[in-house]
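Peer 1: sequence-free structure coming up:
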């Protein structure tokens, strides 16, 4: 966690109604004192720290509380009331806590420090009103305070980069932008293959051919990193293309296919570097919670999407 | 704007030299709908360019150094930078060159054009099936599918109440979608827009656009090319020259 920075409640990058309360809570109740055990307790008032923690851990706790708060809403299903309009100064994302496509968009929101609210959708029991947000009921969808709707994860990510100030995740140079888009084309088989491997693995089926195909795709990506001789796909710093790839690599372990990167050392280095990124870290899903979700999902349990949420 | 009607280069041809400064090169094929997108944008923006046609039935070995997938279109600039995938080339040209912007500046309007383009994404696949005559078993089913795809676009025009997909003036998404509609007559599917009156009007408006009309190929020539292409003839790409 080399790139931790201390953020105070006036920092423009992250503000969300609940984070202001988290700040007051942390500063009032947990002043900077000697290191102690840190533990998150789940109570009626939501997640809270149980003991005083030192400065840098406080920052990490704060980030985790924020992301839990942002994402910790139960998925809305059939019969739920449609949400009201999006307040000014905020953008809304319709999402699902474990969806890799939504994950892309949430990474961009996080990386750019965009004030946002998350509404999780129960994908096995979609609310009727959700089809007014997306004609086929897919996620992610962005909705802003002007009632504008943006969907397709890649389009949503580019929209956020264009519409919001601060650090640009796509390069400025037109050729470098085109290069990132060409790299994305190279990636197109990966989501489908990882999903097929997961399904095969979960249903106790053979997936040797699938894994071989996935390894081949990873070899192509390895070749790019080798040719470029950079840590990240866009150069020496993390950028849009890395975030667009990341969700599927985060899932390799829980999908049971972590060995598919055994022959690709540069890709493994990239994975390690990605795990150091603050935005990636803030959204990292706990392995046990993910496995719990997958178990319920494959049993067709509509409560799968809320697995791991307190009360 | 030279070379649009030049003979295609095939196996054994010498690789072309570097691209001169002030010019951008497009590797193309006169009848390819994907490459047509790029040529439409080059012309709409008045970009100085040269065209090298590739014989897609007899590709030169050096072409795989331009695009490992061996597909057209590919852009090459005087810095030796290569860009491929038709939509990526079009966006690159709009960003890299001055003059009329084909994609809106407003982030939402730009995203909207991309969402509309996504709506049209099944049309190339379906039309390629028709062009190749690959759907004899399920002709009416595929035609029905095409109707459905056209209805999606009709809905956009109905909601927007404008002639073109981006507004009252022609813009990027119109050029990206056009080459497929240009080919409807050649595959005898022009009646598919009878159910979609706004789409039909859009086609008429497109035909009147100077850029589109400068690059239009008539149905007879397209049919002549397609017949030869389906027979895998190495002369297909130069049909009519």
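Peer 2: Received, thanks. This one's a predicted model, so the numbers in the text were calculated from it and none came from an experiment.
Peer 1: show me where pLDDT drops low in the stretch 51-200 of chain A?
Peer 2: Applying pLDDT under 70 to the predicted model, the residue ranges of the stretch 51-200 of chain A that meet it are A:51-71.
Peer 1: hey, where'd the strands end up in it?
Peer 2: Shown for the stretch 51-200 of chain A, the strands assigned by DSSP state E, counting those that start in this stretch span residues A:91-95, A:116-120, A:141-143, A:149-151.
Peer 1: what's the longest helix in chain B?
Peer 2: Ordering each helix of chain B by length in residues (DSSP state H) puts helix B:139-160 first.
Peer 1: What helices and strands are in contact with the helix or strand that that helix is followed by?
Peer 2: Taking DSSP states H and E as the definition, the helix or strand that follows helix B:139-160 towards the C-terminus is helix B:172-182. Under the contact criterion of 3 or more C-beta pairs under 8 Å, 6 or more residues apart in numbering or on different chains; DSSP states H and E, helix B:172-182 touches helix B:33-44, helix B:86-96, helix B:107-119, helix B:122-131, helix B:197-208, helix B:210-215. In this view, the C-beta of every residue, glycine as well, is placed from N, C-alpha and C.
Peer 1: which one of those helices has the lowest average pLDDT?
Peer 2: Ranked on mean pLDDT, the bottom entry among the helices and strands packed on helix B:172-182 is helix B:122-131, at a mean of 93.
Peer 1: and chain B, which residues reach chain A?
Peer 2: Applying C-beta under 8 Å from any C-beta of the partner chain, one finds that chain B approaches chain A through B:77, B:79, B:81, B:83-85, B:88-89, B:91-92, B:95-96, B:107-108, B:110-112, B:114-115, B:118.
Peer 1: switch the cut-off to 6 Å
Peer 2: For chain B, the residues in contact with chain A (C-beta under 6 Å from any C-beta of the partner chain) are B:81, B:83, B:85, B:88, B:92, B:95-96, B:107-108, B:111, B:114, B:118.
Peer 1: Residue A:231 contacts residue A:272, doesn't it?
Peer 2: No: using C-beta atoms under 6 Å, residue A:231 is not in contact with residue A:272, being 9.3 Å away.
Peer 1: Show me which of the two is the more surrounded one.
Peer 2: Neighbours were counted for residue A:231 and for residue A:272 using other C-beta atoms under 10 Å in any protein chain shown; residue A:231 has more, 18 against 10.
Peer 1: Tell me the confidence at that one?
Peer 2: What the model reports as pLDDT for residue A:231 is 96.
Peer 1: Residue of the stretch 201-311 of chain A nearest chain B, please.
Peer 2: For the stretch 201-311 of chain A and chain B, the shortest gap (C-beta to the nearest C-beta) falls at residue A:220, measuring 9.9 Å.
Peer 1: what's the closest non-adjacent residue to that residue?
Peer 2: The spatial neighbour of residue A:220 that comes closest, neighbours along the chain excluded (C-beta to C-beta, 6 or more residues apart in numbering or on different chains), is residue A:186 at 5.9 Å.
Peer 1: how near is the one you found to residue A:224?
Peer 2: According to C-beta to C-beta, to the nearest Å, residue A:186 stands 7 Å off from residue A:224.
Peer 1: again with residue B:229
Peer 2: Taken as C-beta to C-beta, the spacing of residue B:229 relative to residue A:224 amounts to 33 Å.
Peer 1: of these two, who's got more company?
Peer 2: Ranked by neighbour count (other C-beta under 10 Å), residue B:229 and residue A:224 place residue B:229 first, with 19 against 15.
Peer 1: My understanding was that that one contacts residue B:237; is that so?
Peer 2: No: with contacts defined as C-beta under 6 Å, residue B:229 does not count as touching residue B:237, sitting 7.7 Å away.
Peer 1: Okay, now the unreliable bits of chain B?
Peer 2: Under the criterion of pLDDT under 70, the regions of chain B flagged as low confidence span B:1-4.
Peer 1: now do 90
Peer 2: Counting by pLDDT under 90, the low-confidence segments of chain B come to B:1-5, B:99, B:131-140.
Peer 1: Now the closest residue in space to residue B:130 that isn't next to it in sequence, what are its backbone angles?
Peer 2: Residue nearest to residue B:130 in three dimensions, not counting chain neighbours: residue B:187, with 4.5 Å by C-beta to C-beta, 6+ apart. Note on residue B:187: backbone dihedrals following degrees, to the nearest 10 are phi -100, psi 20.
Peer 1: Distance check, residue B:187 against chain A.
Peer 2: Residue B:187 sits at a distance of 27 Å from chain A (criterion: C-beta to the nearest C-beta, to the nearest Å).
Peer 1: what's around that residue, how many residues?
Peer 2: The local packing count at residue B:187 equals 19, with neighbours defined by other C-beta under 10 Å.
Peer 1: so who does residue A:210 touch?
Peer 2: Applying C-beta atoms under 6 Å, 6 or more residues apart in numbering or on different chains, one finds that residue A:210 lies in contact with A:196-197.
Peer 1: Phi first, then psi, for it.
Peer 2: Given degrees, to the nearest 10, the pair of backbone angles that residue A:210 has is phi -60, psi -40.
Peer 1: before we move on, what about residue B:54?
Peer 2: Main-chain torsions, residue B:54, degrees, to the nearest 10: phi -110, psi 140.
Peer 1: measure it to residue B:238 for me?
Peer 2: The value you get for residue B:54 to residue B:238, if C-beta to C-beta is used, is 11 Å.
Peer 1: The two: which is more packed in?
Peer 2: Taking other C-beta under 10 Å, residue B:54 and residue B:238 do not tie; residue B:54 has more neighbours (26 against 19).
Peer 1: which residues touch the more buried one?
Peer 2: Contact analysis of residue B:54 by C-beta under 6 Å, 6+ apart lists B:8, B:27, B:29, B:63, B:72.
Peer 1: Then residue A:230 would be within a strand, right?
Peer 2: No: according to DSSP: H, G, I helix; E, B strand; the rest coil, the state of residue A:230 is coil, so it is not within a strand.
Peer 1: All set now, cheers.
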